[in-house]
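Novice: Provide a 3D model corresponding to the input given below.
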Amino acid sequence: MSNIVARDRLIVALDMSSAEEAERLLDHLKGRVSFVKVGLELYTVAGPELVKRLLGRGLRVFLDLKFLDIEETVRRATARVAAMGVEFLTVHANRKALMAAMEGRGGSSLKLLAVTVLTNFDDHDLREMGIQRSVEDLVTARALLAEEVGCAGVIASGKEAAAIRQTVGSALMIVTPGVRPAGKGVDDHARVTTPAQAIAAGADYLVIGRPIRDAADPPAAVEAIVADMQAAFDARG
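Specialist: Numbers count the residues shown, from 1 in each chain. Next up is the predicted model:
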């Protein structure tokens, strides 16, 4: 049996249009979740003030802003994020951006996650961008870059988690979005896995939003997902 506590590895995506909506959901889920993700939509309307309130609730916070800009901008912006006290920050897996972010985090506890390939992309999308590699090849190449630069982990779909583990072993955390419980729709993700599939392939954390946010009973949805995750972590050993 695994010593991993699945509840600690579920990151609830607060993909909402207002702080009030996000906090209402959290009130419903009080005591059931400990880690939340704030993405572009919510950060745009609520900003650092909401992050402070989430931290004040005792929650761990993943700031999913996917930085990609010139080095000075990424360095300075990352330093601001590190000062907030959040736990995870995403940066696109570009060498200059990742290196600048590593400088910006300094000696803080902020963990940088390199975004490999967005979960709504497939091989056709890569070809349209002039990239001739397959999704899996590009993901593993970017995971190697993340390891080289010193990132804590990567963002990758469950479809590529096993390939990442074969390439870098346990050197990086794998944080997996695009996760849907069995029987749920895929929404706009092209590469979807169930919680059990993602964990069996090597994922360490799962980011789940709409299946919880849009559920008729969000607390029950969380409990079902956590139970599925725990069984998968226990089976993985």
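Novice: and the spatially most central residue of the chain, what does it touch?
Specialist: For the chain, the residue sitting closest to the mean C-alpha position, by Cα atoms, centre = their mean, is V175 at 4.7 Å. If a contact means Cβ atoms under 8 Å, 6 or more residues apart in numbering, then V175 has 11, 62, 88, 113, 153-156, 203-207 as its contacts. Where you see a C-beta, it was placed from the backbone N, CA and C, and this is true even at glycine.
Novice: and these, which are buried?
Specialist: 11, 62, 88, 113, 153-156, 203-207 (16 or more other Cβ atoms under 10 Å).
Novice: Including pLDDT and secondary structure, could these go into CSV?
Specialist: Below are these laid out as CSV (pLDDT from 0 to 100; DSSP: H, G, I helix; E, B strand; the rest coil):
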residue, pLDDT, secondary structure
I11, 98, strand
F62, 98, strand
F88, 98, strand
L113, 98, strand
G153, 98, strand
V154, 98, strand
I155, 96, strand
A156, 94, coil
A203, 97, coil
D204, 97, coil
Y205, 98, strand
L206, 97, strand
V207, 97, strand
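Novice: Looking at the chain, which helix is longest?
Specialist: In the chain, taking DSSP state H as the definition, the longest helix is helix 218-236.
Novice: At which residues are the helices of the chain located?
Specialist: 6-9, 19-28, 40-56, 71-84, 95-105, 123-128, 135-149, 158-168, 195-201, 210-213, 218-236.
Novice: buried set for the longest one?
Specialist: By that I understand helix 218-236. 218, 221-222, 224-226, 228-230, 232-233.
Novice: which outside residues touch it?
Specialist: 1-2, 4-7, 9-10, 12, 25, 28-29, 32-33, 181, 194-196, 199-200, 206, 208, 211-212, 215.
Novice: Distance check, the nearest residue to D64 once chain neighbours are set aside against V168.
Specialist: The shortest distance from D64 to any non-neighbouring residue, by Cβ to Cβ, 6 or more residues apart in numbering, is to G39 (4.4 Å). Distance of G39 to V168, computed by Cβ to Cβ, to the nearest Å: 26 Å.
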